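> A structural model of the following input is requested.
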Amino acid sequence: MFGPLIVKPAKSKGSKTGSWRVKLRPEFLKKNCIGCKLCISVCPEACIQGKDKETIKINYEYCKGCGLCSVICPKSDILMLEEESKGDKK
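Below you'll find the predicted structure:
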């Protein structure tokens, strides 16, 4: 008889996104930001950090490009932009 499979919970901080991120990534404009930190609280990977609107940064090595930060931003100050592939840079 087989029971439910139990897997030890983990977080993405243990594994970098690498080449499998979706083709969009968040970009903070920092023009209309009010420092509400909703983007920080909604990020499922905890890759957005900062103490105030001037210090908020995204660690793109762990960002999956889900877009939740962009959706939750009350000032629409986070855009989801197309990711440049390494071959596209000139």
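
> which of the residues in the strand or helix carrying residue 69 are buried?
Per DSSP states H and E: residue 69 is located in helix 68-72. Using 16 or more other Cβ atoms under 10 Å as the test for burial, helix 68-72 gives 68, 69, 70. Just so you know, the C-beta spots here come from the backbone N, C-alpha and C atoms, and that holds for glycine as well.

> cool, stretch 25-43 as well?
Within stretch 25-43, the residues that qualify as buried are 25, 26, 28, 33, 37, 38, 39, 40, 43, counting by 16+ other Cβ under 10 Å.

> re the thing from before, elements contacting the next helix or strand after the helix holding residue 69?
Tracing the chain past helix 68-72, the next element assigned as helix or strand by DSSP H and E is strand 78-82. If contacts are counted by 3 or more Cβ pairs under 8 Å, 6 or more residues apart in numbering; DSSP states H and E, strand 78-82 sits against strand 24-28, helix 68-72.

> The last one packs against which elements?
The helices and strands touching helix 68-72, judged by 3+ Cβ pairs under 8 Å, 6+ apart, are helix 38-42, strand 78-82.

> Pull out the CA atoms of the last one and give them to me as CSV.
Taking only C-alpha atoms (Å, rounded to 0.1, in the frame of the first residue of the first chain), the coordinates of strand 78-82 have been written out as CSV:
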residue,chain,number,x,y,z
ILE,A,78,6.2,48.0,-12.1
LEU,A,79,6.1,47.0,-15.8
MET,A,80,6.6,43.5,-17.1
LEU,A,81,9.1,43.9,-19.9
GLU,A,82,10.3,41.3,-22.4
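
> can you give me how far it is from the chain middle?
Centroid separation for strand 78-82 versus its chain: 11 Å, with Cα atoms, centre = their mean, to the nearest Å.

> Quickly run through the sheet partners of that strand, with directions.
According to DSSP bridges, strand 78-82 forms sheet pairs with strand 24-28 (antiparallel).
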